[in-house]
Structure formats: C-alpha cells, structure tokens
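> One predicted model, sequence on top.
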Amino acid sequence: MKILLVDDDFKNSMLLKRFIEADKNGHEVIYANNGKIGLEYYKEYRPDLILLDINMPEMNGFELAETIRRSDKKVIIFFLTDRTEKVDRLHGFSLKGNDYIPKPFYPEELIAKINERFESISLKQEIVHKIGETIFRPNLCSLTFLGETHALSVRQTEILQLLANNKGNLVERDYILEQVWGDASYSNSLALNVQITYLRRLLADPSISIISLKKKGYILKDES
C-alpha cells in the first residue's frame, strides 16, 4: 500500500520509513518534511494512508487534514504527535482522523495498526472476477493474466470492482467518485482519470477494454 509520511523530524522519519518498508506487506512510503509539501505529494501520489505529524512549518497537520478532507473522505489519516491533550485529540477526530497515536510510540505498534486497517478493508467475502482470461481478486488487490500477477492500489481495486460488478454496462463518473473518494470534486475527477489510465495499462488481456463515454462514465468491455 502507498503511505504518505508527513513529519518535520527528518532523522526519526527516515528510521520509521525504513521500518515500515521492511514489513512483510511491502508498503511504499513517500516522505514530506512539512505540510505544504505533504499536500503537493498527496495530490501527486494519492496515497492509501497518511501518517501526519501536527506541529510542522508551512502548514500544520490539522490544517493539512482539514484541506484533504474537503475533497477526500476516504483516505486513511493517522495523526502521529506529541500533542496529547484531550482538546487536541478531539480536534483530530473532528477532522475525521482515523487514529491518533501519541509520540513516542513503538514502530511495531504502528505497523500493526496500519496492517489491521488495510486488512479490515480487504477482508471481505472472497470474490473472484474472471474477465476475459484475467483473474481479478478484489480482496487481494490483484490481477492475474497468463500466470503474471500485478498488485493494485486500494483505489484501483475499488474502481475496477465497480466496473466488474457492472460489466458491459455504463458506470457513471459521479457514482465512481462518490463511492471511491466520497466526493465528486474537480480534483478527484482528475485523479479518477489517472487511475483509469493505470488500470488500462495493467489490463494486459487484449480482450478487455475500459470504454470511456465523455462526461458520462465508463464501461468494462469483455470481448472474449
């Protein structure tokens, strides 16, 4: 999974980044040393989870979370902070933070929380879609074609599952945006375009295509 770590403590952030990336689940960690850069990286990389310090230059963690939540209700946000007063914790949760972890903490505890959160997303009833000669497993976030398996991000999985559930039929753009991002804003609409491009590249099976109907939505077509 793609994780954005935003914290101005460079030394400890690098240690935490290496620790998370060494986990058996193979998470990718992108680092930003202040809230302003964190916002730029959020828009560029569209992470699945954000680890967010509060006291930072340029833009603090509360301000960054509030800005992100205006257009994205689904990305997971963990606050990592030494601000442990009740008023701060309540403010963090009022911004729809998913967890509030006081510093110092054990890295093993954080990784357990990260993995538990991702497992809670993916531990659904085992559903396997056969599209052409491609096997799509939403709970594993994977595509397999001719024996080769590719990993999907959480958002790519959610988009493809909506299309696969309605194979051959139009799935409206606004419906996808509401289901995957929680908001049909312009920035999320651009992000959807990017994710559809990635999915088209990953769907190597020539019998499968994602048809785009301008300003309407998408159709997953299977010509096998």
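Thanks, I have the structure now. Please read all numbers here as calculations on a predicted model, not as lab measurements. Numbering: from 1, shown residues only.

> Tell me the buried residues in the helix or strand of the chain with the lowest mean pLDDT?
Across the helices and strands of the chain, mean confidence by mean pLDDT, DSSP states H and E is lowest for helix 107-122: a mean of 83. Applying a neighbour-count criterion of 16 or more other CB atoms under 10 Å, one finds 107, 110-111, 113-114, 117-118, 121 buried in helix 107-122. All C-beta atoms are positioned from the backbone trio N, CA, C, and that covers glycine.

> go on, stretch 148-166?
Result for stretch 148-166 [16+ other CB under 10 Å]: buried residues 152-164, 166.

> Among the residues you listed, which ones are in strands?
Using DSSP state E, no member of the buried residues of stretch 148-166 sits in strands.

> Export those residues as CSV, with columns for distance to Y175 and pLDDT.
Listed next are the buried residues of stretch 148-166 as CSV, based on distance: CB to CB, whole Å; pLDDT from 0 to 100:
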residue, distance to Y175, pLDDT
L152, 20, 89
S153, 19, 88
V154, 18, 85
R155, 15, 89
Q156, 17, 93
T157, 16, 92
E158, 12, 92
I159, 11, 95
L160, 14, 96
Q161, 13, 93
L162, 8, 95
L163, 11, 96
A164, 14, 94
N166, 10, 93
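
> How about E40, nearest residue that isn't a chain neighbour?
A32 (7.6 Å; CB to CB, 6 or more residues apart in numbering).

> show me what contacts that neighbour?
4-6, 38, 40-41 (CB atoms under 8 Å, 6 or more residues apart in numbering).

> on that earlier part again, what is the least confident helix or strand of the chain packed up against?
helix 10-21, strand 49-52, strand 76-81, strand 99-102 (3 or more CB pairs under 8 Å, 6 or more residues apart in numbering; DSSP states H and E).

> follow-up on the earlier one: between the buried residues of helix 107-122, which is closest to D23?
I111 (5.3 Å; CB to CB).

> Now that the closest one has come up, it's in contact with E21, right?
No. Counting by CB atoms under 8 Å, I111 does not reach E21; the two are 10.4 Å apart.

> Does D72 fall in a helix, a strand, or a coil region?
coil (DSSP: H, G, I helix; E, B strand; the rest coil).

> To clarify, my last question referred to Y31.
Y31 ends up strand, using three-state DSSP.

> confidence score at the nearest residue to it once chain neighbours are set aside?
The spatially closest residue to Y31, leaving aside those adjacent along the chain, is L5, at 5.1 Å (CB to CB, 6+ apart). On the pLDDT scale, L5 is placed at 97.
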